[in-house]
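Kindly return the folded structure for what I paste below:
(chains A and B)
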Amino acid sequence: MADVDTGLFVSWIREFARLIGENAGYLTDLDAAVGDADHGVNMDRGMKAVVAKIDEGPDLGGVCKQVATALIGSVGGAAGPLYGTLFLRMAPVLGSVPSTDATTFAAALRAGVDGVVARGHAEPGDKTMVDALAPAVETLDAALAAGATLPDALRRAADAAAAGRDATTPLVARKGRASYLGERSAGHLDPGAASSAMLIAAAATAAGG
Amino acid sequence: MKKLINDPADVVADALRGMAAAHPELRVDHADRVVYRGDAPVAGKVGLVSGGGSGHEPLHAGFVGPGMLDAACAGEVFTSPVPDQILAATRNVDGGAGVLHIVKNYTGDVLNFEMAAEFAAAEGITVQSVLVNDDVAVQDSTYTAGRRGVGATLLVEKIAGAAADRGQSLDRVAALARRVNAEARSMGMALTSCTVPAVGHPTFELSETEMEVGIGIHGEPGRRRIPVRPAREVAELLVEPILSDRDFTGVVIAFVNGMGGTPLIELYLMYGEVVALLDKAGITVARSLVGSYVTSLDMAGCSVTLLNADDDLIELWDHPVHTPALRKGC
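Numbering: from 1, shown residues only, chains lettered A, B, ... in the order given. The predicted model follows:
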């Protein structure tokens, strides 16, 4: 059954770009508290570059590579390679097909998140993007296995990502620039987890969940 | 925000245009935002590429020229350059002897240089990387992204640049760069935060009576905030953690660096205090450098960097260099 086609995929990316644009100031303020005050500015610049470049194209893997290349080439910082790697690793799992089923999409997202972990060497609990992304892919897999539709499963994944994001607040950062603050990083929401929760929320919205 | 800028979005591009106009001996690729020495690539010489977020000027582009870097990649303010820029720089400085990437240890810089090095290797270019991580303010490296690259970056670029200029191989230049990093330690403090142009307000607030100790170079808060103290005591707060982190017993190169918003009179005053402390510890200063070289936009404050130096390192430090920000012996 075709649950995800290039149209839905592009809607996901556009919705993510919209959320980032709307919240760029918020993300940058989060980053100012624990980092170097550029996450929102960088992600907004990157997602605008992605939206300018992306088209529905013939196949899902190709669209993924478009997104990855634009992100890696325009975001800079840690977020560029990390989000870029996420989409780069999704591409081969989705393959050169115009549409795929929910399980394959979930497997692709998991491969992408595994890529983020491999590139950034962060584990859950380090106060990073992974704290939103890891529970999202766990929840997505579990929901689909339990028979949920893709929109429903993505909505639950988005809720899990948001909970993971909120759970970063008391954590002491162990990776990324916030880790330099030591104990003082506790009490602040992680900006990378915040943008990652938006990525999953955008997928749920695009799927109609 | 009061700054000498046009549109905050154009700060890096506008500054590179001015730099190109001021330094015709350099070649600036405005599309890729890479500053090259005019005669790059130099045949048979190891190419040195560095780069990072903008806002640390003169680091890195101010150190491009004979005896130091072959190319510097400029990212957005406080944001690392992207792999495409670094790859272009790597290709264009490869004179057949390989290329050394000098990377400050920040997650973004490491990831972007790592991807660029992978792409360059796929094109058949021999690349080695050296990470600079000299900041003793980051105490527990196991539970952080590791120590930051700060003041020692200049020392690595100068000394590796001299070795490359003398025709040493990539393996030797890379080993020397790693040795300089391993022998150097830095510690910094801030009297004010700094204002990122695209943000428009200071990254953090410090009152008139407070200072931040253990800062990096991105306007990020440091490890602790304490009441402002006299320079003599500030010097102790900077020198003590350096000396307790590593054995400095003999001869050093001492570098007092301004963060961008501190006048030279205060930097020399601080240097005097630092030297007095080193004297007391039985450490001899062989060479010194005082000035704003590794900055954090308009942040007021300073850092101290010490490098354990033997005759070889001192000789390479004295090797002629001709760059916009550092010039000696020519």
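
Buried ones in stretch A:121-141, by neighbour count?
Taking 16 or more other C-beta atoms under 10 Å in any protein chain shown as the basis for neighbour counts, the residues of stretch A:121-141 that come out buried are A:122, A:124, A:126-141. For the C-beta atoms, the positions are set from N, CA and C on the backbone; glycine is no exception.

can you narrow those to ones near chain B?
Filtering the buried residues of stretch A:121-141 for proximity to chain B (criterion: C-beta under 8 Å from any C-beta of the partner chain) leaves nothing.

out of the residues you listed, which are inside strands?
Of the buried residues of stretch A:121-141, none are assigned to strands by DSSP state E.

What sits closest to the residue nearest in space to the middle of chain B if chain neighbours are left out?
Relative to the mean C-alpha position of chain B, the nearest C-alpha, by C-alpha atoms, centre = their mean, is the one of residue B:153, at 3.7 Å. For residue B:153, ignoring the flanking residues on the chain, the nearest one in space by C-beta to C-beta, 6 or more residues apart in numbering or on different chains is residue B:132 at 4.8 Å.

what about that neighbour, distance to residue B:185?
Plainly put, residue B:132 is 12 Å away from residue B:185 if you go by C-beta to C-beta, to the nearest Å.

which ones are touching the closest residue to residue B:330 other than its chain neighbours?
Of all residues beyond its chain neighbours, the one nearest residue B:330 is residue B:320 (4.3 Å), with distances taken as C-beta to C-beta, 6+ apart. Residue B:320 makes contact with B:66-67, B:165, B:328-330, according to C-beta atoms under 8 Å, 6 or more residues apart in numbering or on different chains.

hmm, 10 Å instead?
B:66-67, B:162, B:165, B:327-330 (C-beta atoms under 10 Å, 6 or more residues apart in numbering or on different chains).

now swap in residue B:301 and tell me
Contacts for residue B:301 were tallied using C-beta under 10 Å, 6+ apart; they are B:188-194, B:206, B:211-213, B:215, B:222, B:234, B:257-262, B:266, B:270, B:295.

so which of those are also by chain A?
Among the contacts of residue B:301, proximity to chain A is found for B:193-194, B:215, B:222 (C-beta under 10 Å from any C-beta of the partner chain).

residues in the stretch 1-150 of chain B within reach of chain A, list them.
Taking C-beta under 10 Å from any C-beta as the test, the list of the stretch 1-150 of chain B residues beside chain A reads B:8-9, B:52-53, B:55, B:75-85, B:106-116, B:135, B:137-148.

So which residues of chain A form helices?
Taking DSSP state H as the criterion, chain A contains helices spanning A:6-22, A:24-34, A:39-53, A:60-74, A:79-94, A:102-120, A:130-145, A:150-166, A:191-207.

Can you add distance to residue B:21 and mean pLDDT and give the ones you listed back as CSV?
Output for the helices of chain A, formatted as CSV (distance: least, C-beta to C-beta, whole Å; pLDDT from 0 to 100):
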stretch, distance to residue B:21, mean pLDDT
helix A:6-22, 35, 97
helix A:24-34, 32, 92
helix A:39-53, 26, 94
helix A:60-74, 27, 94
helix A:79-94, 30, 95
helix A:102-120, 39, 96
helix A:130-145, 45, 98
helix A:150-166, 46, 98
helix A:191-207, 37, 97
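
Tabulate those in a markdown table, adding columns for distance to residue A:176.
Written out in a markdown table, the entries for these read as follows (distance: least, C-beta to C-beta, whole Å):
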| stretch | distance to residue A:176 |
| --- | --- |
| helix A:6-22 | 18 |
| helix A:24-34 | 9 |
| helix A:39-53 | 10 |
| helix A:60-74 | 17 |
| helix A:79-94 | 10 |
| helix A:102-120 | 8 |
| helix A:130-145 | 10 |
| helix A:150-166 | 15 |
| helix A:191-207 | 7 |
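
among the contacts of residue B:301, which are in helices?
If you go by DSSP H, the contacts of residue B:301 have B:234, B:266, B:270 in helices.

most surrounded residue in the residues you listed?
Using other C-beta atoms under 10 Å in any protein chain shown as the neighbour test, the ones in helices among the contacts of residue B:301 are led by residue B:270, with 25 neighbours.

can I assume that residue is in contact with residue B:291?
No. In this structure, residue B:270 sits apart from residue B:291 without contact. The criterion is C-beta atoms under 10 Å, and the distance is 11.5 Å.

tell me the contacts of the most far-flung residue of chain A relative to its centre?
The outermost residue of chain A, judged against the average C-alpha position, is residue A:183 (26.4 Å), by C-alpha atoms, centre = their mean. Residue A:183 sits next to A:172-173, B:223-224 when contact means C-beta under 10 Å, 6+ apart.

May I ask which of the residues you listed has the most neighbours?
Highest neighbour count within the contacts of residue A:183: residue A:173, with 28 neighbours (other C-beta under 10 Å).

wait, doesn't that one sit right on residue B:144?
Yes. Because the distance of 7.7 Å satisfies C-beta under 10 Å, residue A:173 is recorded as touching residue B:144.

Isn't residue B:293 up against residue B:152?
No. Residue B:293 lies out of contact with residue B:152 (C-beta under 10 Å); the separation is 11.4 Å.

any residues in contact with both of the two?
Residues touching both residue B:293 and residue B:152 (C-beta under 10 Å, 6+ apart): B:255, B:305.

higher neighbour count, residue B:132 and residue B:185?
Neighbours were counted for residue B:132 and for residue B:185 using other C-beta under 10 Å; residue B:132 has more, 29 against 26.

Quick check: bridge partners of that one?
Beta bridges link residue B:132 to residue B:104, judged by DSSP bridges.

list the contacts for it?
Residues counted as contacts of residue B:132 (C-beta under 10 Å, 6+ apart) are B:50, B:102-106, B:109, B:147-157, B:177-178, B:180-181, B:184, B:186.
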